[in-house]
Every structure is written in structure tokens, then in C-alpha cells.
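Trainee: Could you look at this predicted model? Sequence included:
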Amino acid sequence: MRRLRILTWHVHGSYLHYLTQIDHDFYLPVKPGKPEGYGGRLAGFPWGENVRDLPAEEVRQLEFDCILFQSRKNYLQDQYEILSASQQHLPRLYLEHDPPQEHPTNTKHIVDDRNVLLIHVTHFNQLMWDSGRSPTRVIDHGVIAPTDVQYTGEIAKGLVVANGLQKRGRRLGADIFDRVRQFVPLDLVGMGAESFGGLGEVPHAQLPQFSARYRFFFHPVRYTSLGLAVCEAMMVGLPIVSLATTELVTVVENGISGYIDTDLDRLIEQMRSLIADPALANRLSVGAKQQAQKRFNIQRFTHDWNEAFLSVVHRSLSVA
């Protein structure tokens, strides 16, 4: 199997870290000051030797096998600024991290091209986007299972992990978090958490050990993609309590790996039950970890991505 040279941008640090576990070489364009998309190998992740920073002005001088877009800016602006004319016609993939936000069902994706493979991270996202003529594929999340972390649930609280929750408002459930914490003890971590009464940011590498001590993981989000933080928490063994929205209805089973509902009062009752009954939390912990190991294992994830990359490269070669 030929090793590919892939150009992409740094858009979502955690996802990029897991994606680069695949046995190909990734090149990340960087610019002075690290503006959006050009941060390269940002601190906080154990990047492998197959991930390389590349000054943006040197991109045109290198040869790549394919281009992976990860944002509207990448596709509508960045490619025309840093890629040569011939590079713009290389095999191309677009990784869509989110569901449509303009309108949940009637939004056309910016990519409408038979020659660009559009990757959705959940079946819910694929269902909601109007992907036009673009071929699509779903690749479920994959996360690395920590080998030295065990769930204890010793802290009788729920944990919420979200960056900039207060500023991101109703879509991310800032109001829901604020309401629920009046009835249930919750700790919030992530960028900007202190401004919302939280604990602050926890480095990604330390998050599994930090999370494993909490009784359960609460995900207050109304409408977004499946959060990697949920997958990571399940892989550690935290029971998940969440709104029954988007892809989460296929991930969390009531009474098996946690609780989902659209009734906040019922969710609050379930959280109180978990705080009062560590044995119940331990039982749900087993279910959460088993589901994560089955669905979000890194081997399946890298296999799926490998097939996606090779499919666009081989298709391009056969057409040529």
C-alpha cells in the first residue's frame, strides 16, 4: 500500500490528532501569527513524525497525492491562495465536521462537485445536508483508548467538557448547563470555562485521567455534531447523560451506557440517581466503555479513512 502525501489544514486539533494515526504523511501549512487554519502542529498533542509543518508560501513547490479540506475557508479561499493551479486539480476530499446551521434540512453544502469526496462524521449530518452532486461517505469518529486510566467515579458530580460554552449560546446548550447546575453539581472544563464558573482548560493529554474521577459526563448540546469529548469520555468509561438529539440517539442507550431524553427534568432525576448510587454508575460505566470500544475504536477509524484516501487517489489515476 503506497504511502500518501496529504495536504490539510489545522481546523480541529483533537480530530486531526486521531486522523494522523493513519500511516500516511500529513503536511500542515503554517503562517506567522498562526491565523485560522494555519497553526500547524499546535502544542497539546503528541504529534507523530508523519505530521509536518510547512510554510504556506512553500506549498506550491511540493508534490502531494491529495488535498483534504476541513472548512469553508479552506475550500472557498485558502486553496486559491496557497495551491498552484495544478494542485487545485489533485484528488480532493472535504471533511465536514458539523451539521448545517443555516437551515437544518434545506442547506446546500458549499461543495457540489462530482470530483470531491464529501466526508460526513455522522449519519445524522449526512442526512441533514443537501450534498448536491458530491459523492458522500460517513466515517464515524475514532479515539485512542487510554491504557492506563480506569473509571472510578469518586467525585459525585457531573463533568461538562466544552470550549467557549458561554459565548456559543443556545446551540451548545449554555442555558441548559446553567439551569441544570442549579439542581445538580456540575464541573465545567474547557477554554473560557472560568468566565462561566468553570475550572478552566485541561490539556488534552491529561483529560482522560481527569475525567475518570467524575460520576458521569453531561452533554448539554442541543444541535451540533457528535462531540469527540463524548466519545473520549465513553472510552474512559463515564456514563453519558445527554439530550436525545442528533447522532447521540444512536450512541447512548438508556440504562445501558447512560441516559438520553428531551425532558430536562427527567435527565436531572437520572443525574441525581447516579450521584446517589455509585453502583448504578459503575454498571453504566461498563456499558459506555463497551459501546465506545465497539464503535469508536481507532483501528476501525483509520481503516475507514485509509479506504477513503485511496479511493479518491485511485479514481483519479483511473480517469487519467
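Mentor: Thanks, I have the structure now.
Trainee: mean confidence score for stretch 187-203?
Mentor: Averaging pLDDT along stretch 187-203 gives 94.
Trainee: got the end-to-end distance for that stretch?
Mentor: End-to-end span of stretch 187-203 (C-alpha to C-alpha, to the nearest Å): 16 Å.
Trainee: Poorly predicted segments of the stretch 1-150 of the chain, please.
Mentor: Along the stretch 1-150 of the chain, the parts satisfying pLDDT under 70 run over 1.
Trainee: Find the nearest non-adjacent residue to S285, please.
Mentor: Spatial nearest neighbour of S285, chain neighbours left out: G237 (4.2 Å); criterion: C-beta to C-beta, 6 or more residues apart in numbering. For the C-beta atoms, the positions are set from N, CA and C on the backbone; glycine is no exception.
Trainee: surely that neighbour meets A145?
Mentor: No - using C-beta atoms under 8 Å, G237 is not in contact with A145, being 10.1 Å away.
Trainee: more neighbours, the two?
Mentor: Of the pair G237 and A145, G237 is the one with more neighbours under other C-beta atoms under 10 Å, namely 26 against 15.
Trainee: what separates that one from E154, distance-wise?
Mentor: 13 Å (C-beta to C-beta, to the nearest Å).
Trainee: Give me the neighbour count for T262.
Mentor: Neighbourhood size, T262 [other C-beta under 10 Å]: 11.
Trainee: ok, it touching A244?
Mentor: Yes - using C-beta under 8 Å as the test, T262 is close enough to A244 to be in contact (5.1 Å).
Trainee: Helices along the stretch 51-200 of the chain, start to end?
Mentor: Taking DSSP state H, counting those that start in this stretch as the criterion, the stretch 51-200 of the chain contains helices spanning 72-73, 79-82, 123-128, 165-168, 174-180.
Trainee: Now G192: closest residue in space that isn't a chain neighbour?
Mentor: G164 (4.7 Å).
Trainee: If you could redo that for F309, that was the one I meant.
Mentor: By the measure of C-beta to C-beta, 6+ apart, the closest residue to F309 outside its immediate chain neighbours is L4, 5.7 Å from it.
Trainee: How about I240?
Mentor: G258 (3.6 Å).
Trainee: Identify the bridge partners of that neighbour.
Mentor: Going by DSSP bridges, G258 is paired in beta bridges with I240, N254.
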